[in-house]
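>>> the following comprises the amino acid sequence and a computationally predicted model.
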Amino acid sequence: MSHQDQFHALADGLSAAITSEERFTLSYNAEASDFIRFNQGKVRQAGHVQQASVYFKLIADGRHANLDLTLSGESDVDQQRLKQALEQLRETLTLLPQDPYLSLNDEPWHSSNVQDTPLPDSAQVVDRIAQLGEGLDLVGIYAAGPIYRGFASSSGALGWHQANSFNFDWSLFHENGQAVKANYAGHQWDDEAFTRRFALAREQLEFLGRPAHKLAPGQYRAYLAPAALEEVIGMLCWGGFSAQSLANKTSPLQRLYDAHAALSPLVSLDEQVTGSLSPAFSGEGYRRSDLSLVADGIARDRLIDSRSAAEYGLVANGAGWGESPSALSMNGGALALDDVLKALGTGLYISNLWYLNFSDRNAGRMTGMTRFATFWVEDGKIKAPVSTMRFDDSIFSLLGDSLEQLTAQRELILSTSTYSQRQTASNLLPGALISKLTLTL
Amino acid sequence: MFDFSAHLKQRFAALRSGAQFFSLRYVKQTSQHLSVRKNIAEPPHLSTDEGAMLTVRINGVEAYAATNDLSQRGLQAALERAENQARMLASHALLDLSDQPVATSCADYLSPNLNSAFPSLSDCYALLGSESANVPHDERLVNWQVSLGLENVEQIYLNSAGAQIRQAHRFVFPGLSVTAYDGQDSQSRSLGRENFGQQGGAEVIDACGIIGAARQVADQALQLIMAPNTPTGPRDLLLLPDQMILQIHESIGHPLELDRILGDERNYAGTSFVNVSDFGSLQYGSSLLNVTFDPNIPEQLASYGYDDDGTPASKQFLIRDGILERPLGGALSQYRSGMEGVANSRACSWNRAPIDRMANLNIEPGGQSMEQLVSGIEHGILMSTNRSWSIDDARNKFQFGCEWGQLIENGEIKGVVKNPNYRAISAQFWRSLSAVGDASTSKVLGTPNCGKGEPNQVVRVGHASPACVFANVDVFGGDA
């Protein structure tokens, strides 16, 4: 039985088992993944993970409780597990008060997206990686396989999302310890594209062999490549656009949404669900809308889940867990990629940032490290790699007064996160030219 | 407890394999996470998760397959998948593990008070609701939350060499936080949450101290929004245990993980400023620094009898009198490096493979009371409760921030300051350790959220530490 059929059978069984007083939502998460780790250009650890679970919410008399339940993949066993889960949640509901912020979507929406392009055999991919990486100190992970997401409710909503995907995330290390990071991900393996991507990384590696340029703390012009900008934008996703965080006054974008501060008019950020790789529905059963979060530097929509909608008198817009974006798209600018070094002049070309956190969350001030290929540029020419440096700066400077230009070309960055399961989030981002980045250590 | 043990052993015995060695690691976790926010009970989140990982070794090459299907057919299919993968990738394998010894122990390990009754779900909600209601009415208090997590984990490890290890743990995670806002700035103060967790039963809730603490935590949040920013400049830094655990974690624990030093994590979690050649000679910290891997403190989060490869766990000094002695490396890393390590090969669950992780990583107490620590500081600052952490991929240049700061002048604690941050370099910072608190200043703490590995894993780690003083550290505040 296919995953979709299994899920429908579980939802049908649950529909038949609940009483007229009860309602449910059921979301489904499954994957079959190859995970192959590399170190020193060889396979360090290889394995396969097959997993499936449902997130089951039972609602009755204004009360609700949730149960995350691992499935076995065997129909009889799983129907039995779900039946036991139903009994457990029924007993739990009798112990709970009514929830004033319970809000359910009664809309019987239907959605289906199946992308089943065959993936290459993982052994062949490993052969190809070994071939291209011969003689190189390559470290990284290849993750591949199908991902399944489903949603069903007692109101008749039914969503299905299925996609085959691969994600090869790797680094090439120079013997001096410097490294370049690269990624090749998608649904359809294109060996020519992969070879080009690999060659680019190899080319960048050669620059890293030059003697490192030592920098003192201070303020520098800088270009943040899309992967580096993603780290900065990622910090804003820690409650930045969340309706609850904004209401609780803990959003790093509090001043933006309170209109006490603005970003550069060059900045527009959208939650662009349409055409993204993530499901068109949230885990709690709302269809996800395209949203304008920031337009021309001014705060617009916030991400609202059903609980925030009920608590703050707002309208739910399909926000997922934590009211965090998962298909963020930033507008591009006018700077051509070929002109980046010239526009930078003298300063830092930063490929990646790492381990960011807040120095002062309320003020939108953050800190983090350079990592992987970071270069010192003089008069538009790459001079030398730069040792790891710490920055500490405000988002209202980086994407505010100090933002000079954005690149016209944007990069689609697929999440490499595999905590609990392979993630489907993505960011579509340009590079950013910054007039002043503060380095502190 | 171990209800599935007999079935599992039977199914394991019936598995057919041509591998020179194979093992099965079964994990079942049930959990319950409850929260009351602003006096409203949030819906409970319950979970039941179980599955198994089969690992094979064929001609010295290991591979694994994890499965949610625990039937005989499902386990056999996973075993065969792992075998196929080991054969397919053999020509590209980094390691030849033909001669690596395998686990042979047979034993059970149980958390303390594992069978003691835990308050019912309704009693837990009543407890949380009562504490939530203790937050005073003040319009500046814009958000507060009281929470309680309960996790039960059973693990069974079996292998073809005859090992049979069963371990059962119960983890408790209480938490309380309050946020104050004055129209411009917001400040939060918390107890427990990401900085606390222990094994055990209801006594862990008492040990955390959230019950009866709401008024004080709320008062401290209000003090913070009225406080000046932390001044900028060098000061002696007194870190309380709920910040020391983060300091230990990031700038001792991660850099001493042997798989990082061997390069496995360079693409994600990073490398280390420590080299293999540093063990036995590097002056990691001042002579006051003594760091242990200690799986024997029953209530600590990562106390266990055996790690997830079946290696028996015992207390070991990693740093003694400031000298680096031993890495955090499990059996595989020890085999690869030829170094002695510890039993720290751990996985977050059945669907991830064991790698070198921190477990219980502690600083041994020194000889000074809290009064003596404070009185020895002429120009300093006390910091408590981590809220921000950032460190480079070699675990050297760091910047950490805390919720709570108090200036210290001429041996006395003075006013409260907000946004206390400090930055330094690991390789130098621990050598500036100038005083270590005695056992009365020490606390057994930990965090449920240590992330590492490809594919990614989050594990529980324990840290016990006294309060400590570091000389002449760069401190600074925020923008607000």
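Yes, it's here. Numbering: from 1, shown residues only, chains lettered A, B, ... in the order given.
>>> top helix in chain A by residue count?
Identified as the longest helix of chain A according to DSSP state H is helix A:75-93.
>>> which strands border whichever helix or strand comes after that helix, and is each parallel or antiparallel?
Downstream of helix A:75-93, the next assigned helix or strand under DSSP states H and E is strand A:110-115. Here strand A:110-115 is paired, per DSSP bridges, with strand A:158-173 (parallel).
>>> export the strand it pairs with to CSV, keeping only CA atoms.
Extracted in CSV, the C-alpha atoms of strand A:158-173 (Å, rounded to 0.1, in the frame of the first residue of the first chain):
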residue,chain,number,x,y,z
LEU,A,158,-7.4,16.6,2.7
GLY,A,159,-3.9,17.6,1.7
TRP,A,160,-1.0,15.5,0.3
HIS,A,161,2.5,16.5,-0.6
GLN,A,162,5.1,14.1,-1.9
ALA,A,163,8.5,14.8,-3.4
ASN,A,164,11.6,13.0,-4.2
SER,A,165,14.7,15.1,-3.5
PHE,A,166,18.4,15.0,-2.9
ASN,A,167,20.7,17.4,-1.1
PHE,A,168,24.5,17.1,-1.3
ASP,A,169,26.1,19.5,1.1
TRP,A,170,29.9,19.5,1.2
SER,A,171,33.1,21.3,1.9
LEU,A,172,36.5,21.2,0.3
PHE,A,173,39.4,21.7,2.7
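>>> residue numbers of the stretch 101-250 of chain A in contact with chain B?
Where the stretch 101-250 of chain A comes near chain B, counting by CB under 8 Å from any CB of the partner chain, the residues are A:101-102, A:123, A:126-127, A:130, A:139-141, A:143, A:169-171, A:173, A:177, A:179, A:181, A:247-250. For glycine as for every other residue, the C-beta is placed from the backbone atoms N, C-alpha and C.
>>> which of these are buried?
A:123, A:126, A:130, A:139-141, A:143, A:169-171, A:173, A:179, A:181, A:247-250 (16 or more other CB atoms under 10 Å in any protein chain shown).
>>> these in strands, which ones?
Of the positions in those, A:139-141, A:143, A:169-171, A:173, A:179, A:181 sit in strands, assigned by DSSP state E.
>>> the residue of chain B at minimum distance from chain A: neighbouring residues, count only.
Closest approach between chain B and chain A, counting by CB to the nearest CB: B:Gly478, at 2.9 Å. Counted by other CB atoms under 10 Å in any protein chain shown, the residues lying close to B:Gly478 total 20.
>>> repeat for B:Ile210
Count around B:Ile210 with other CB under 10 Å applied: 25.
>>> for it, phi and psi?
phi -70, psi -30 (degrees, to the nearest 10).
>>> same thing with B:Leu238?
Torsion angles, degrees, to the nearest 10, at B:Leu238: phi -100, psi 110.
>>> ok, it touching B:Met383?
Yes - counting by CB atoms under 8 Å, B:Met383 is a contact partner of B:Leu238 at 7.2 Å.
>>> so which of the two has more stuff around it?
B:Met383 (28 against 25).
>>> mind listing the residues bridging to that one?
Taking DSSP bridges as the rule, B:Met383 bridges to B:Leu239, B:Gly405.
>>> over to the one 5 residues further on?
For B:Ser388, the beta-bridge partners under DSSP bridges are B:Gly401.
>>> what's downstream of the strand or helix carrying B:Tyr64, the next helix or strand?
When elements are assigned from DSSP H and E, B:Tyr64 belongs to strand B:61-67. Downstream of strand B:61-67, the first helix or strand assigned by DSSP H and E is helix B:72-88.
>>> residue ranges in the chain under the pLDDT threshold?
In the absence of a named chain, this looks at chain A. Scanning chain A for pLDDT under 70 picks out nothing.
>>> can you look at chain B instead?
Checking chain B against pLDDT under 70 turns up B:480.
>>> now do the helices in it.
Using DSSP H, helices in chain B cover B:5-14, B:72-88, B:121-133, B:203-208, B:214-226, B:241-248, B:258-261, B:331-337, B:370-375, B:426-429.
>>> quick one: the ones you listed as TSV, columns for distance to chain A and mean neighbour count too.
Shown next, in TSV, are the helices of chain B (distance: least, CB to the nearest CB, whole Å; neighbours: other CB atoms under 10 Å in any protein chain shown):
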stretch	distance to chain A	mean neighbour count
helix B:5-14	13	14
helix B:72-88	4	20
helix B:121-133	4	18
helix B:203-208	18	19
helix B:214-226	10	20
helix B:241-248	11	26
helix B:258-261	9	26
helix B:331-337	10	20
helix B:370-375	26	18
helix B:426-429	11	18
